[in-house]
Structure formats: C-alpha cells, structure tokens
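Student: below are the sequence and a predicted model; questions follow.
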Amino acid sequence: MLERFRTFWTKVFSPVARTFLRWGISPDAVTLVGTIGVCAGALVFFPQGELLIGVIVITVFVFSDLIDGHMARLSGKSSSWGAFLDSTLDRFGDAAIFGGLTMYYVGPGDSEPLAALALYCLVMGSVTSYARARAESLGMQAKGGIAERADRLVAILVMTGLADIFDLLILIPVTLGLLALASTITVVQRVLLVRSQAKATTG
C-alpha cells in the first residue's frame, strides 16, 4: 500500500544520497545515524509529553531508511550485511517509538492500561517481524498481513502528531488499540500461512 510513497520519496532524496556518496559517507553510517535519531526522538521527547516534537524528529530520521538503501544501490554495494544491519536496527527504532509511548503513559499520560497497550503493540510488532524471519529461515514465506511495519509506523506517527496538534489525545489510544488488533491478526495470518506450507511440504 505504501510502496508508491516509498518510490516517490526515494526519488526526492536521490540527490541527498548522491551527495553523501560523494562525501564518502557509507550507507551503513546513514543507517546507524538514522536509528540513533529515531530512538532519541522517541525516548527523549515522548516521555516528557512533547509528542509533536518527537514525531517531527522521528520522521526526519525515518527517511534515512530510504536514503541508505538508495545509496547502496547507487554505489553497487548492496549486500547481505547491509540488509541484515538495516533490518536489525529497524527493530530498535520500532521498539523505541512504542517504548516511548509506553513511558509517556507511565509519566504525563498517567494511564497504566494505556501503557500496557503501547507495550503490547511493541511486543506484537517484534513478533510479527520474527514470524516472517523465522519462516524464511525455514525456506517458507510469511510476508503480508493487514499490519506490516510501514503501515504501523505511519499510523502511529501521524495520529500521535495530530493528537498533539489538535489536543485530541484520544486519537493515540484508539490508534494503539487498532494496531494491537491488526498486529495480532497479522501474526495469526502468518502462523496459518506457514502451517499450510509446512503441511504441504510433509504431505
């Protein structure tokens, strides 16, 4: 669903990617700096209740996920190591975003149930990714579902930003609830998909 936007933004940031390469900056360095920026934006600003600032900082650094991949393709240095590093550090960024919201509800948001809900989204996001990775390590596919990573991130960042702008904080728990449900369904979908493939293999 979001692939058309990925293609658009990749073209927009192509000059930046080319400039970084001319400066001798590696794709891996961009990946690392981007992850640090996302984590800092989420874990510094969200717990203080500075939700919009946190979203802006995170969004700026999230674009590094497009730039580093484009840099690797332009330089002809796409590698298994780069793909592994990118995917691994993505998990840190995802965890920081939902972890920051968990800390917000433990602090100024003052709601233990909503803190638990944000934590559940964090866990299910990791389980969703793990299910796919484990399936692929076994030679099977577990891609797809109604809540892939890009969809989850766009939804929570947009709604958190709007919640702060319009002082409609209810938007965050509603989004978290929908993401919790969608992530759970996605995990079940992937489990069933792998089960069907495994049964077909064993006859």
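Tutor: Perfect, I can see it now.

Student: now stretch 136-151: buried residues?
Tutor: By 16 or more other C-beta atoms under 10 Å, the buried positions in stretch 136-151 come out as 140, 142, 145, 147, 148, 149, 151. For the C-beta atoms, the positions are set from N, CA and C on the backbone; glycine is no exception.

Student: spatially nearest residue to the second one, not counting backbone neighbours?
Tutor: What it means is residue 142. residue 135 (3.5 Å; C-beta to C-beta, 6 or more residues apart in numbering).

Student: contacts only, for the nearest residue to residue 140 once chain neighbours are set aside.
Tutor: Excluding the flanking residues, the one nearest residue 140 by C-beta to C-beta, 6+ apart is residue 197, at 4.5 Å. Residues in contact with residue 197 (C-beta atoms under 8 Å, 6 or more residues apart in numbering) are 135, 140, 141.

Student: same question for residue 103.
Tutor: Counted by C-beta under 8 Å, 6+ apart, residue 103 has contacts 43, 46, 47, 115.

Student: next, work out how far apart it and residue 120 are.
Tutor: According to C-beta to C-beta, to the nearest Å, residue 103 and residue 120 sit 15 Å apart.

Student: same question for residue 46.
Tutor: Residue 46 sits 17 Å away from residue 120, going by C-beta to C-beta.

Student: the two: who's more crowded?
Tutor: Legend: neighbour count by other C-beta atoms under 10 Å for residue 46 and residue 120, higher for residue 46 (29 against 18).

Student: number of nearby residues for the nearest residue in space to residue 157 that is not next to it in sequence?
Tutor: Nearest residue to residue 157, sequence neighbours excluded (C-beta to C-beta, 6+ apart): residue 55, at 5.3 Å. Look at residue 55: counted by other C-beta under 10 Å, it has 26 neighbours.

Student: pipe the contacts of residue 197 into JSON lines and attach pLDDT per row.
Tutor: Converted to JSON lines, the contacts of residue 197 look like this (pLDDT from 0 to 100):
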{"residue": "135", "pLDDT": "94"}
{"residue": "140", "pLDDT": "94"}
{"residue": "141", "pLDDT": "92"}
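
Student: what is the host helix or strand of residue 32 packed up against?
Tutor: Secondary structure assigned from DSSP states H and E places residue 32 in helix 27-40. Secondary-structure packing of helix 27-40 (3 or more C-beta pairs under 8 Å, 6 or more residues apart in numbering; DSSP states H and E): helix 51-62, helix 64-75, helix 80-106.

Student: alright, that wraps it up for me.
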